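A.B. asks: Output the structure for:
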Amino acid sequence: MNLATIIEPHPADAVAFRHDGRSFSYGELRDHATVTRAHLVRYGVERGDRVALVFPTTPAFAVAYFAALGSGAVAVPLNPESPVAELATELGTVRAKVVLLGGPRAAALRGPLTDLGYLALELAESGELNGAKDAGSASTAGEAGGAEGDPGPIVDCAPDDTAVLLFTSGTAGSPKAAILTHGNLRANIDQMELAVGLAPTVDDIGLLVVPPFHIYGLNAVLGIHLFVGARLVLMERFDAATLLDLVPREGITVLPGVPELFAALANYSPATGDELRSVRLACSGAAPLPLEVAERFESRFGVGIWQAYGLTGASPTVTFPDQHATRRPLAVGVPLPGIEMKIVDLDGQPVEHGDHGEILVRGPNVFSGYFEDAVATRAALDRAGWLHTGDIGVMDDDGSLTIVDRHKDLVIVSGFNVFPAEVEHVLEEYPAVAEVVVIGVPDPALGESVRAYVVPTTEAWPEDAVAPEGVTEAELIDYCARYLASYKCPVNVVFMRELPRGLHGKALRRALA
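C.D. replies: All right, here's what the predicted structure looks like:
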């Protein structure tokens, strides 16, 4: 098997993508992926090699994705807006052999990444390389140009062969790459397809606005839509006005998004309420959907939102809602076919229905752990194959799950996970910072945003000074932006003389929150 084959059965002239007013057919997608696969083979990419993908949400991402998978390599989607320092850390963690680049930042990123020793190739949507003659070293790359010869058939892979590495952040702040196999991703596509009425069909037109370097966008939107042969309209950056123009113009029928997207649409005052008439299915994921947002959105546009539950380690979808059930706050439905779920107490023992506990998940869609990180893998997966999600939930007698809480330190910004320790590690390197604690705070636009509580050094904040004299909020935010993706950066900094502490001397996040 190979996940790359999901695009093979569809008619060549059927539209796979609409982007910037242009159609991109399944035939073009297959042909261009073959051209790119030929380039990868020519540059020495072999089965199991890591190929990083740094693209905005354009057809070129899909071309690169299916080319990498088809060559037997491991695709590593990365945030195209990340600073070079963050990209370099992630590339070093997975030891990428090739970096495929596209979009407006591609030309600017090629130089720095090549200087760091990576074979960085800029890819056009046609699958051709843009100005790649000087990419990489002579020992790893030949003269670039058009692909020569036949790249051969799509490589046959075993179900447990790694297909994708997706980055999350560990509680210690170090990057972790989740291992998702061909079998994991395909299993979850099959599971989602069985959710009758809540899965796209060949006649649907979906919107891909959740970026494909996020598992939600990658498999729960891109993967399943292309598997069934549906059409996807690609939107590189969310904007309420643009989205409300796209939906009626393109006839979009499936609208997947994060809670902040639906909140922004519900609050967009110029909307008439008629813009979403074509939408038959709106789905929310990646973060809890407040009931008031769902109700305000439905009242405004006449479209109900169905909330699912998932996580990267489950490829990602675990539950889909029961279409006949009454929507409740944080209710996310029942497990998909083939997925086992249980709620356990602190000792790992199953709790009674109606009692709170940690959500554990098991099934063919559950990942095999973290890339070369045995400690993190053991913390996430037990010997019986149960994924410990860290989320707290309660299961009703009918098997329906309600999310109660999540990992106490995790901050979710527009559906993206931010672990405070990663941000704290960056700020601790700033000379004027003595101590720092980072938490998430409610944000009407983002769901949550990052706030940093900083204790400056005595030199930066003398005892006789009312405010710090050697460091400013703007300086620290700008400093973070050099090393972290924008959604991980603090939106504000609070200076403190000292942090609240518990009996053991540990800073109390809950007191700050």
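
A.B. asks: can I assume Pro77 is in contact with Arg50?
C.D. replies: No: with contact defined as CB atoms under 8 Å, Pro77 does not reach Arg50; the gap is 11.3 Å. For the C-beta atoms, the positions are set from N, CA and C on the backbone; glycine is no exception.

A.B. asks: overlap in contacts of these two?
C.D. replies: Counting by CB atoms under 8 Å, 6 or more residues apart in numbering, Pro77 and Arg50 have no common neighbour.

A.B. asks: Give me the domain ranges for the protein.
C.D. replies: Under the assignment named as automatic domain parsing, the residue ranges that make up the domains of the chain are 3-157, 411-512.

A.B. asks: Just send those back as JSON lines, with mean neighbour count and distance to Val221 too.
C.D. replies: Conversion of those to JSON lines gives the following (neighbours: other CB atoms under 10 Å; distance: least, CB to CB, whole Å):
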{"stretch": "domain 3-157", "mean neighbour count": "19", "distance to Val221": "10"}
{"stretch": "domain 411-512", "mean neighbour count": "17", "distance to Val221": "12"}
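
A.B. asks: Find me the pLDDT at the spatially closest residue to Leu234 that is not a sequence neighbour, would you?
C.D. replies: Setting aside the residues directly before and after it, Leu234 is nearest to His19 in space (CB to CB, 6 or more residues apart in numbering), at 4.3 Å. Looking at His19, its pLDDT stands at 96.

A.B. asks: which residues does the spatially most central residue of the chain contact?
C.D. replies: Within the chain, one residue has its C-alpha closest to the average C-alpha position: by CA atoms, centre = their mean, that is His214, at 1.5 Å. For His214, the residues meeting the contact criterion (CB under 8 Å, 6+ apart) are Ala286, Gly415, Phe416.

A.B. asks: One more: Ala460?
C.D. replies: Residues in contact with Ala460 (CB under 8 Å, 6+ apart) are Ala432, Val433, Pro468, Glu469, Gly470, Val471.

A.B. asks: Would you mind measuring from the second one to Pro112?
C.D. replies: Using CB to CB, to the nearest Å, one obtains 27 Å as the distance from Val433 to Pro112.

A.B. asks: Glu463 now?
C.D. replies: Counting by CB to CB, the gap between Glu463 and Pro112 amounts to 43 Å.

A.B. asks: related to what we said a few turns ago, so which of the domains of the chain is nearest Met235?
C.D. replies: Of all the domains of the chain, it is domain 3-157 that lies closest to Met235, at 6.6 Å by CB to CB.

A.B. asks: got a list of what the residue nearest to Phe301 when sequence neighbours are not counted touches?
C.D. replies: With sequence-adjacent residues excluded and distances taken as CB to CB, 6+ apart, Phe301 is closest to Leu276, at 4.4 Å. Residues near Leu276 by CB under 8 Å, 6+ apart: Leu244, Val247, Pro248, Leu255, Ala282, Phe301, Gly302, Val303.

A.B. asks: Secondary structure element for Leu276, which one?
C.D. replies: Leu276 is located outside every helix and strand, with elements delineated by DSSP states H and E.

A.B. asks: Same question for Thr319.
C.D. replies: Applying DSSP H and E, one finds Thr319 within strand 317-320.

A.B. asks: how far does that strand sit from the chain's center?
C.D. replies: Taking the mean of its C-alpha atoms, strand 317-320 sits 16 Å from the chain's own mean (CA atoms, centre = their mean, to the nearest Å).

A.B. asks: Check what contacts that strand and list those residues.
C.D. replies: 188, 191-192, 195, 198, 220, 285, 306, 308-311, 332-336, 339, 341, 361, 365, 401.

A.B. asks: swap in stretch 367-387?
C.D. replies: The list of residues contacting stretch 367-387 from outside it, by CB under 8 Å, 6+ apart, reads 93-94, 160, 162, 165, 170, 176-181, 184, 311-315, 342, 360-362, 366, 388.

A.B. asks: Among the residues you listed, name the ones in helices.
C.D. replies: Filtering these for membership in helices, criterion DSSP state H, returns Thr93, Val94, Asn184.

A.B. asks: In space, what's closest to the last one - neighbours in sequence excluded?
C.D. replies: Ranked by CB to CB, 6+ apart and with sequence neighbours excluded, the top spatial neighbour of Asn184 is Ser315, at 4.7 Å.

A.B. asks: you'd agree that neighbour is up against Leu180?
C.D. replies: Yes: when contacts are counted by CB under 8 Å, Ser315 is listed as touching Leu180 (5.7 Å).

A.B. asks: more crowded one of these two?
C.D. replies: Per other CB atoms under 10 Å, whichever of Ser315 and Leu180 has more neighbours is Ser315, with 33 against 29.

A.B. asks: contacting residues around the more buried one?
C.D. replies: Leu180, Asn184, Leu185, Ala187, Asn188, Ile215, Asn219, Asn365, Val366, Phe367.

A.B. asks: do Ala220 as well
C.D. replies: Asn188, Met192, Pro256, Gly285, Ala308, Gly310, Pro316, Thr317.

A.B. asks: Quickly list what the last one is bridged to.
C.D. replies: Spelled out, that is Thr317. Note on Thr317: beta-bridge partners Gly310, judged by DSSP bridges.

A.B. asks: count of neighbours near it?
C.D. replies: By other CB under 10 Å, the residues close to Thr317 number 27.

A.B. asks: Next, work out how far apart it and Glu292 are.
C.D. replies: Thr317 sits at a distance of 24 Å from Glu292 (criterion: CB to CB).

A.B. asks: quick one: Ala452 is in a strand?
C.D. replies: Yes: following the definition DSSP: H, G, I helix; E, B strand; the rest coil, Ala452 is counted among the residues of a strand.

A.B. asks: show me the contacts for it.
C.D. replies: Val423, Glu424, Leu427, Val436, Val437, Val438, Leu476, Pro490, Asn492, Val493, Val494.

A.B. asks: Export those to TSV and append columns for pLDDT, secondary structure and distance to Pro151.
C.D. replies: TSV is the format used below for the contacts of Ala452 (pLDDT from 0 to 100; DSSP: H, G, I helix; E, B strand; the rest coil; distance: CB to CB, whole Å):
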residue	pLDDT	secondary structure	distance to Pro151
Val423	91	helix	42
Glu424	89	helix	45
Leu427	93	helix	46
Val436	92	strand	49
Val437	91	strand	51
Val438	93	strand	46
Leu476	97	helix	48
Pro490	97	coil	46
Asn492	95	strand	51
Val493	97	strand	51
Val494	97	strand	55
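
A.B. asks: of all those residues, which comes closest to His353?
C.D. replies: For these, the nearest to His353 is Val438 (36.4 Å; CB to CB).

A.B. asks: just checking, that closest one touches Val450?
C.D. replies: Yes: the pair formed by Val438 and Val450 meets the contact definition of CB under 8 Å, at 6.1 Å.

A.B. asks: ok, which stretches of the stretch 101-250 of the chain are helices?
C.D. replies: Under the criterion DSSP state H, counting those that start in this stretch, helices of the stretch 101-250 of the chain are mapped to 106-115, 182-193, 215, 224-228, 240-250.

A.B. asks: Between the ones you listed, which one is closest to Pro350.
C.D. replies: For those, distance to Pro350 was read as CB to CB. The smallest value, 22.7 Å, belongs to helix 182-193.

A.B. asks: And the pLDDT for Gly131?
C.D. replies: 56.

A.B. asks: The chain should start at 55 in everything you say after this.
C.D. replies: Yep, numbering from 55; the last one is Gly185 now.

A.B. asks: The helix or strand bottoming out on mean pLDDT in the chain: how far from the chain's middle?
C.D. replies: Every helix and strand in the chain was compared by mean pLDDT, DSSP states H and E; the lowest is helix 563-566, with a mean of 79. Here helix 563-566 is found 28 Å from its chain centre; the criterion is CA atoms, centre = their mean.

A.B. asks: Which other helices and strands does that helix contact?
C.D. replies: strand 487-497 (3 or more CB pairs under 8 Å, 6 or more residues apart in numbering; DSSP states H and E).

A.B. asks: Noted, bye for now.
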